[in-house]
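Undergrad: sequence and predicted structure are below.
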Amino acid sequence: MTDTLEVQNIAIAFGGVQALTDVSFTVKKGELVGLIGPNGAGKTTLLKIIAGVLAPDSGQILLGGKDVTSLPTAARVRKGLAVTHQIVRPFRSMTVLDNTALAAGHRFTSNPLTALFHKARKSEDTHARTTLSRVGLGGLEQSDVNALPLGMLKRLEVARALAVEPDLIILDEPLAGLNHREAEQQVDTIAALNAGGVTTVLIEHNLREVLRVCQRLLVLDGGRIIADGDPTTVMANRAVREAYIGKADDHVAA
């Protein structure tokens with residue numbers, strides 16, 4: 001079976017500082033993978049390379065077995081990638097439904113000529129309503145985006161990504177700024193979407209929720225993958241504990 005995502009020997013440096021070094025891993029179809037690591041580990045840089053915002057100095061990114069390393073972000077979306085952002089940026093002048101329907105119609109809006117001749121949006125609205133229901137925003141289709149609390153805006157961000165019908169969705173800190181209950185509900189939604197067939201990479205600092213739902217963990221530290229495996233084994237790894245707590249922890253425990 002072809003892997004949904006393959007990251008092969010990715011490296012990049014900024015001003016002589018090595019941000020990522022020989023980063024390699026795969027994500028198989030249907031997996032829910034947590035990508036974790038302390039601040040400054042290189043998670044954001046890696047995400048930008050996967051999304052096509054940054055070009056690596058070396059290495060390759062493959063989606064569904066196809067090399068997309070040289071492709072722009074929009075082309076990667078058409079290849080099956082969707083990414084949510086930590087800071088939500090919905091179109092504030094649009095309703096919840098319009099925001100999601102616009103994403104659902106990305107195949108038309110990405111090409112000016114196609115968009116010109118595609119005037120009916122019934123199918124996009126229908127798909128958007130279904131998607132909003134899947135993330136817990138059913139009944140709020142006509143709501144003003146500006147009136148939504150952060151927890152619902154985070155759900156809308158997921159809905160917009162889901163509306164492009166991706167093969168892989170990468171969620172960048174979808175729990176940031178949420179309280180305990182909101183975070184729990186958001187992760188339950190993410191897990192349900194994954195159970196429904198959406199291959200998912202969750203980049204998140206909330207370890208409690210990551211450990212609760214992720215089937216596999218990747219740990220990035222100092223620009224390198226230092227652990228990859230099931231959550232229990234990974235969190236017992238000495239290098240992982242030191243990355244999060246520091247080497248002094250062993251002396252304290254003793």
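TA: Perfect, thanks for sending it.

Undergrad: from here on, just use CA atoms for contacts and neighbour counts.
TA: Fine.

Undergrad: residue boundaries of the strands in this structure?
TA: Under the criterion DSSP state E, the chain carries strands at the ranges 5-14, 17-27, 32-36, 58-63, 66-67, 81-84, 168-172, 199-203, 216-221, 224-229.

Undergrad: output the fourth one as PDB, nothing but the C-alphas.
TA: In other words, strand 58-63. Provided in PDB are the C-alpha atoms of strand 58-63 (Å, rounded to 0.1, in the frame of the first residue of the first chain):
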ATOM      1  CA  SER A  58      17.700  18.700   0.400                       C
ATOM      2  CA  GLY A  59      15.200  15.800   0.600                       C
ATOM      3  CA  GLN A  60      11.800  15.000  -0.900                       C
ATOM      4  CA  ILE A  61       8.100  15.200   0.000                       C
ATOM      5  CA  LEU A  62       5.800  12.600  -1.500                       C
ATOM      6  CA  LEU A  63       2.000  12.600  -1.400                       C
END
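
Undergrad: off-centre distance for that strand?
TA: In terms of CA atoms, centre = their mean, to the nearest Å, the centre of strand 58-63 is set 17 Å apart from its chain centre.

Undergrad: report the contact partners of the nearest residue to residue 4 once chain neighbours are set aside.
TA: Nearest residue to residue 4 in three dimensions, chain neighbours excluded: residue 64, at 4.6 Å (CA to CA, 6 or more residues apart in numbering). By CA atoms under 8 Å, 6 or more residues apart in numbering, the contact list for residue 64 reads 2-5.

Undergrad: residue ranges with poor pLDDT in this structure?
TA: Across the chain, the stretches falling below the confidence threshold (pLDDT under 70) are 1, 105-121, 246-254.

Undergrad: tell me how it divides into domains.
TA: 1-80+167-254, 84-165 (automatic domain parsing).

Undergrad: was I right to think residue 13 contacts residue 58?
TA: No: using CA atoms under 8 Å as the test, residue 13 is too far from residue 58 to be in contact (10.0 Å).

Undergrad: mind listing the residues bridging to the residue lying closest to residue 210 once chain neighbours are set aside?
TA: Closest residue in space to residue 210, ignoring its immediate chain neighbours: residue 34 at 6.3 Å, by CA to CA, 6+ apart. Applying DSSP bridges to residue 34 gives these bridge partners: residue 202, residue 217.

Undergrad: just residue 169 next, same as before
TA: Going by DSSP bridges, residue 169 is paired in beta bridges with residue 82, residue 200.

Undergrad: ok, it touching residue 85?
TA: No: when contacts are counted by CA under 8 Å, residue 169 is not listed as touching residue 85 (11.2 Å).
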